[in-house]
Structures are given as C-alpha cells and as structure tokens.
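In: sequence and predicted structure, then a few things I'm wondering about:
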Amino acid sequence: MTDDLKPARLRLAPSPTGEPHVGVLRTAIWSWLYAKRTGGQFLLRIEDTDQTRLVPGSVERIIRSLDWLGLTYDEGPDIGGPFAPYTQSERLPMYQEAAARLVQSGNAYPCFCSSEELDALRARQQAEKRATGYEGKCRVIAPAEAAARAAAEPHVIRFAVPREGATTVEDLLRGPVVVENRTLDDFVILKSDGFPTYHLAHVVDDTAMEITHVTRGDEWLPSAPRHALLFDALGYPRPIYVHNPVILAPGGGKLSKRHGAKSALEYAEDGYLADALVNFLCITGWGHGDETVMSREELTRVFDIKDISLAPATFDTEKLNWMNGVYLRQMPEQQLAELFAQRLEIDLPPDVPRPLDRSFVEEFTPLIRERVQLLTDVLPLVDFFYQSVVATPPVEEFLAKKWKDQPQATADALDAAADDLDALDDWDAETLEATLRATAERVGARAGDLFTLVRLAVTGKTITPPLFESMVIVGTGPSIDRVRAASAAVRASI
Ligand code: GLU
C-alpha cells in the first residue's frame, strides 16, 4: 500500500448469461486496481438467481476472461474464501432468512397476486397513462392472515416502500442522489421459487461479504434507492456506491460489436494483449494527466476510483490498436517471438507441422516487430516463410507500373536476377542487395522496379518485411526457384 487509503473490498458480480463485455471488464479492472491500490481484496461472485437466463458455460468463460486479463481474485466460486459460497444459487437460505426478517419487522409482505392480475394492472395503468408498478393490493392483508395464506399459497415477498419521504443515496461520483419514495413501487425481493431478486441478493451478499465499494454500471442507479431502503430496513450499513457511466460508440450511441463491444476472449482471439486491453479500458473514462501507456504497476499506484469521469467515454479502437502495438514493441524479443509462434500455431494452415520451430520464428521476429499491431497481423507478414512453394501470383501483377505491357523485359529481368543470385556464394542481405542492384543496372531497370518483381516472385506479395532479410530466411534454393517460376509464367503469357 502506497498511501493511507483504507483496504477496500470490491467485487465483480456478473450474471452468467453470457460473457462479460467491455463495460463489465472495465468495472472489473477498476475494481481490481482499487483493491490492489488500497491493499484490499477483489472477489468474484456469480449472480445466478435468474435461473431462466442462465447460459451454460458462462461461468467458465467469465473465469477464463478474468484469468486472461490477469485480474486475479482473492475469493471466488472456484477458489472459495472466508465468505463462501460465492455463487448465489448456493446461498438461498441467507436470502430467505433476510426476507423473513423483513416480513417480521413489517418491512415486507407476501403478495399473492397472480401474473394475470399483474398483467391486467399494468395494462390498465398503461391505458390510463399512469406510471406502472405494483399498487400494494396485498400490503393491506393482516399479518396473521398473510402468514396463514403464505403457508399454503404460492406467493412472492415484496418490500413495503415507505409511502412518504425521500431516499438519498450517496454515489461517490455524483454525490447525493435523491428519490421521492412515492415514485418507487413495492418491489419483489423473493420470488415464488424461493430465489431472491437482484435487489435483495445484492444487499445480503455485499453485507455478508463485507464489500466496501459497490462498483457497477449506471443502469443500476435507478435501483439504488431500493437497495438503500433494504440496507436500512435490515439494519446493515450501506456500502459506498460507484455507478460507472457507459462506454459509448464513436459518435455517440450504444457500443456495438463492430465498435468494440466484445468479450475479453474475443479480444484474445483477435490478437490483442491482455496488458494493452487492461491499460486501454482503464483509461477509457478515467485519466491520470496526459499519460496513456501505463503499466499495471503504475496504474496500481495511481488509480483512484473517485477520479472516474462522469462523462461517458467513447471507445476508440484506433487507440487500442495503437496501444497494442506499443505493448508488443516493448516486449523483449524472445518473449515476442514466443507470442508470435503461439499465434502462428493457431493461424497457419494445418499442413505446417506443430510445434513451430522457435528459433526459426526468432529469425524473422526482428523483421516484422515494427509492423505488427495485433497478433493477427503476423500471419500475412510471414506466411511465405512457411510455404515450400509459393504460388506464383497472376502474371498481371508482375506486368504493372514500370513493367506494364513489357512481358519480354519483365521475364528477362527476372531471369537475369535468378542467374545472378545463382552465382552467389554468400547469401546475406548485403550481398543480395548489392547483387540485385547490379542486375538492375545490367538490364537497364531501376533497382526499385527490379526489387518489386523479385519481391512478388519470392513472397507472392507486394508488401512484405524487408526483402533481402526475408530472402535470407527463405533460403537460396527456394528463392531462386520462385524467381525462375515467375519468369517462366510471364514468358508463357507472351
Ligand atoms: N449481476 C448484476 C449484473 O450482471 C451485477 C450488478 C452488480 O455488480 O451489482 O448486471
């Protein structure tokens, strides 16, 4: 701990209805950093109380996402901890006990209204252009009668919101948020299947788990007064609330997949580094002066939750890509080569034998490291190193620019290059360049124009890592064979 902030306990509380996307990931990053900054704890709690929305495999993917991002948690469903279990469906007795206590104290009551009745109520309210919400029909049932009926009839438990007054919630970013109680209806806290709603489960668990700061998306801000009322009615101290603003798409509006609303594992698949994504998401909506590239250690030293900006941030994919490139270039060469190799093992066609030869990858890593932003950029830069015979590109690609309409001169130039390369004893970049410069002069071409032909022949592409260094890696035989194949193809077209 670097200063006198009290050790904080924060949690990520995703519902296993899919994979956490950037908004939730950013909340996780901020919570994790603040826990680290204060010498506190970060924990994972799975909120699976809406059994109809569960998506199989979500919990595993949430755990894998946090693991990939390096957001280690101190307590969680898979590792346990002092307040286990950390999965809400395993904590039902605690919610039921809290609900019973609220009924006992007159702060909650069983409601026997059927869903048809509630639908009809809502339709009536809508037709009359009134606010929708439960109007308290069962609130007036005498407690003894309600208890007797509850023993026999299906019911939910509703919280009895005070009819008068106002509730004030302190939000760390916004200050006091005041809501008139009459605008809140008697919301459900325990469903008829015995599962709690989010409202009750949040209050019970965040109290039981001694959470100091509840960090969550600001879509929960309208519910916060309900939670405050629940904390008060249960006699629990309220936590500090931090409702994070949304991340917007460039130009405003909801962030779509195209603009970056992806999950952590999708970012991993798309060639991003966890460190870059953590850095980028952390500074999307929070800042420390003009600094952009900040290591985890640095962020841990300076991140303060109260400095989160209330203005919704915009997701800037270009900045993320740039940052990813910066992180890649900062990496020691051998570590980078290992990452490239791992990525190529995913991306190369299956006929290339695995595991890839690491020392071969180390040979070309320096040639491409400046050109890679995402790990997915690697394959198109280096695939020709892995093809024993690179398919000769269509003849028209050779007969372009300076070589347009000159198939004879093109084929002659390629042959001359192949002959000169064939005569070499040394096969290093300097020799190759000097040789091909001399060839160009001999055939009356500009060096650059000849290099273009040779590049296309040897690599099959117009844009590649530096040509001569690449030819060293491709090797003598294959390089010359590819140049001759290109010349033959051009000649055949005459
Ligand atoms: N389970 C809630 C959700 O996924 C969590 C909100 C919270 O962090 O309290 O939206």
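Out: Arrived safely.
In: now the residue of the stretch 301-450 of the chain found nearest the ligand: how far from C282?
Out: Going by CB to the nearest ligand atom, the ligand is nearest to I305 of the stretch 301-450 of the chain, at 14.1 Å. Glycine gets a C-beta too; all of them are placed from N, C-alpha and C. According to CB to CB, to the nearest Å, I305 stands 11 Å off from C282.
In: now do the shared contacts for those two.
Out: W30 (CB atoms under 8 Å, 6 or more residues apart in numbering).
In: more neighbours: the two, which one.
Out: I305 (23 against 20; other CB atoms under 10 Å).
In: quick one, what contacts the more buried one?
Out: W30, Y34, L172, H213, T215, V242.
In: what pLDDT does the last one get?
Out: Meaning V242. On pLDDT, V242 comes in at 98.
In: distance of it relative to the ligand?
Out: 10 Å (CB to the nearest ligand atom, to the nearest Å).
In: okay, the strand or helix carrying E117 in CSV with CA atoms only?
Out: Applying DSSP states H and E as the criterion places E117 in helix 115-127. Taking C-alpha atoms only, helix 115-127 is exported to CSV below (Å, rounded to 0.1, in the frame of the first residue of the first chain):
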residue,chain,number,x,y,z
SER,A,115,-49.3,-12.9,-13.0
GLU,A,116,-52.6,-12.5,-14.9
GLU,A,117,-53.7,-10.0,-12.3
LEU,A,118,-50.4,-8.1,-12.5
ASP,A,119,-50.5,-8.1,-16.3
ALA,A,120,-54.1,-6.6,-16.1
LEU,A,121,-52.9,-4.0,-13.7
ARG,A,122,-50.1,-3.0,-15.9
ALA,A,123,-52.4,-2.8,-19.0
ARG,A,124,-54.8,-0.6,-17.0
GLN,A,125,-52.0,1.7,-15.9
GLN,A,126,-50.7,2.0,-19.4
ALA,A,127,-54.2,2.7,-20.8
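In: contacts only, for the residue of the stretch 251-400 of the chain found nearest the ligand.
Out: The ligand sits closest to S263 of the stretch 251-400 of the chain, with a gap of 13.7 Å, by CB to the nearest ligand atom. Neighbour list for S263: G18, E19, P20, H21, L25, R61, S65 [criterion: CB under 8 Å, 6+ apart].
In: which of these fall within helices?
Out: L25, R61, S65 (DSSP state H).
In: burial check on the first one, number of neighbours?
Out: Meaning L25. Neighbours around L25, by other CB under 10 Å: 25.
In: please name the nearest non-neighbouring residue to N321.
Out: Q373 (4.9 Å; CB to CB, 6 or more residues apart in numbering).
In: how far away is the residue of the stretch 301-450 of the chain closest to the ligand from L10?
Out: In terms of CB to CB, I305 sits 8 Å off from L10.
In: overlap in contacts of those two?
Out: Y34, H213, T215.
In: show the pLDDT at the first one.
Out: Think Y34. 98.
In: cool, and the one 10 residues further on?
Out: Turning to L44, the model gives it a pLDDT of 98.
In: quick check: it touching P16?
Out: No: L44 is beyond contact range of P16, at 11.2 Å (criterion: CB atoms under 8 Å).
In: what touches both of those two?
Out: Common neighbours of L44 and P16 (CB under 8 Å, 6+ apart) are I62.
In: which stretches of this protein form strands?
Out: Taking DSSP state E as the criterion, the chain carries its strands at 9-12, 41-44, 108-111, 156-159, 166-171, 175-180, 188-190, 213-217, 240-244, 247-248, 313-314.
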